[in-house]
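Visitor: Here is my input, please return the structure:
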Amino acid sequence: MTLAGVGTLGGLTALIGTKVTPRWTDRSAHGIDPAWIEPAEVSVTPAPPPPTATGTGAGTGTLPSREEIISQYGARTPRYWGLHPDSSWSTFPTDTSLTRNSVCLTFDACSDSSGYDERLINTLRAQRIPATLFVNQRWATTHRQEFESLVADPLFEIGNHGTKHRPLSVSGRSAYGIAGTKNVGEVYDEIAGMHTWMATNYDLQPKFFRPGTAHADNVATQVSRAMGEWIVMFSVNGDSGATASANQVYQQFLRLRPGGILLAHFNRPGSETAAGVERALPVLKARGLRFRRLDEVIPAATSPEQPPRW
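Guide: Model (predicted):
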């Protein structure tokens, strides 16, 4: 599929002649087509403050009220819609001893009707590979036993993948046929539902959010920041929505470089993701790459406005 005004650089899609912050736009997380970033003049604005929501312990998360968020952000007009909005992370800095030569593997569990890739999770456990798992509330409630096992495992960090797995829009945008949130209030609900469920049931305070379909606009990312969660996208699409062959997964994993964030899925046991991961991990280890959870490499107060370039 060819889009006017879009060029391809090293397998990554980039806008031509459009003033946007440099990002690395891979194929969509759902394996359909390269994401379209609307050509819009994006002025440089100060980074918003770091996430402020904090946990109170004993099962409740402190979030700003829905009314506060609507009052502050409800009149803002988005300038961007796609995979890499401002104030989101697609890569991370590698200028410390901890992050040098490090990469992050992230795996999504998207919906209640999907399954649990036990082979993939067992591979990560057997090889002691830490990862951040973005979990949708519908999946977690349907797969409660598996979710609790993941929560209890210190190898894994649990991220927020939304309440209903909706693209995060303040104007009703959709992605891949999935209707997005329609306004700031619905953005709040999509983030807060799963956040509160995890806080209430497991005393978890998720630090990171990935919207359904990995699509968001730049106002929605500001809302997420104000609610205490960074939006994290990706620099490498590991399995094209769990549709890729084992060899394709393997090849995608080999694209990882220090500072990279890879997205794949652990809710499709019938896919070939696990087979590709099993083949790729020894190669990446041999290259000297170290695996980290997101909470180990993304500081709470550091802005992603100027992410490291590859």
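Visitor: What distance do you get for the nearest residue in space to residue 289 that is not next to it in sequence to residue 146?
Guide: Using CB to CB, 6 or more residues apart in numbering and skipping the chain neighbours, the partner closest in space to residue 289 is residue 103 (5.3 Å). Bear in mind the C-beta positions are built from the backbone N, C-alpha and C, glycine included. In this view, residue 103 and residue 146 are 25 Å apart by CB to CB, to the nearest Å.
Visitor: thinking again about what came up before, may I have the strand or helix carrying the residue nearest to residue 289 as CSV, with CA atoms only?
Guide: Assigned by DSSP states H and E, residue 103 belongs to strand 102-109. The C-alpha trace of strand 102-109 is given here as CSV (Å, rounded to 0.1, in the frame of the first residue of the first chain):
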residue,chain,number,x,y,z
SER,A,102,19.9,-2.7,26.8
VAL,A,103,16.6,-3.4,25.0
CYS,A,104,13.0,-3.8,26.2
LEU,A,105,10.6,-6.6,25.2
THR,A,106,7.0,-5.7,25.6
PHE,A,107,4.1,-8.2,25.0
ASP,A,108,0.4,-7.3,24.8
ALA,A,109,-2.7,-9.3,25.8
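Visitor: That one packs against which elements?
Guide: strand 131-135, strand 261-265, strand 290-292, helix 294-297 (3 or more CB pairs under 8 Å, 6 or more residues apart in numbering; DSSP states H and E).
Visitor: Could you spell out the sheet neighbours of the first one, each with its direction?
Guide: Translated: strand 131-135. strand 102-109 (parallel), strand 156-160 (parallel) (DSSP bridges).
Visitor: Just put these in CSV and tack on mean pLDDT.
Guide: Conversion of those to CSV gives the following (pLDDT from 0 to 100):
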stretch, mean pLDDT
strand 102-109, 98
strand 156-160, 98
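Visitor: out of those strands, which comes closest to residue 142?
Guide: Proximity to residue 142, assessed across the strands paired with strand 131-135 by CB to CB, is greatest for strand 102-109 (9.7 Å).
Visitor: Can you tell me, leaving aside adjacent residues, what's nearest to residue 164?
Guide: In space, and not counting its chain neighbours, residue 164 is closest to residue 190: 6.5 Å by CB to CB, 6+ apart.
Visitor: Ok, which of the strands paired with strand 131-135 comes nearest residue 119?
Guide: Per CB to CB, nearest to residue 119 of the strands paired with strand 131-135: strand 102-109, 12.5 Å.
Visitor: So what's the residue count around the residue lying closest to residue 99 once chain neighbours are set aside?
Guide: For residue 99, ignoring the flanking residues on the chain, the nearest one in space by CB to CB, 6+ apart is residue 297 at 4.9 Å. Residue 297 sits with 21 neighbouring residues when counted by other CB atoms under 10 Å.
Visitor: for residue 247, same thing?
Guide: Residue 247, neighbours per other CB under 10 Å, totals 12.
Visitor: Residue 189 now?
Guide: Neighbours of residue 189 under the rule other CB under 10 Å: 17.
Visitor: how about it, what does it touch?
Guide: If you count contacts by CB atoms under 8 Å, 6 or more residues apart in numbering, residue 189 has them with 66, 163, 181.
Visitor: re the thing from before, now render the strands paired with strand 131-135 as JSON lines, adding distance to residue 225 and mean neighbour count.
Guide: What follows is the strands paired with strand 131-135, written out as JSON lines (distance: least, CB to CB, whole Å; neighbours: other CB atoms under 10 Å):
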{"stretch": "strand 102-109", "distance to residue 225": "19", "mean neighbour count": "26"}
{"stretch": "strand 156-160", "distance to residue 225": "13", "mean neighbour count": "25"}
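Visitor: Quick one: closest of those to residue 279.
Guide: Using CB to CB, the strands paired with strand 131-135 put strand 102-109 closest to residue 279, at 14.4 Å.
Visitor: Of all the helices and strands packed on strand 102-109, which one is nearest residue 112?
Guide: Of these, nearest to residue 112 by CB to CB is strand 131-135, at 11.4 Å.
Visitor: picking that back up, let me have the helices and strands packed on strand 102-109 in TSV, adding mean pLDDT and distance to residue 85 as columns.
Guide: Formatted as TSV, the helices and strands packed on strand 102-109 follow (pLDDT from 0 to 100; distance: least, CB to CB, whole Å):
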stretch	mean pLDDT	distance to residue 85
strand 131-135	98	17
strand 261-265	98	15
strand 290-292	98	23
helix 294-297	95	17
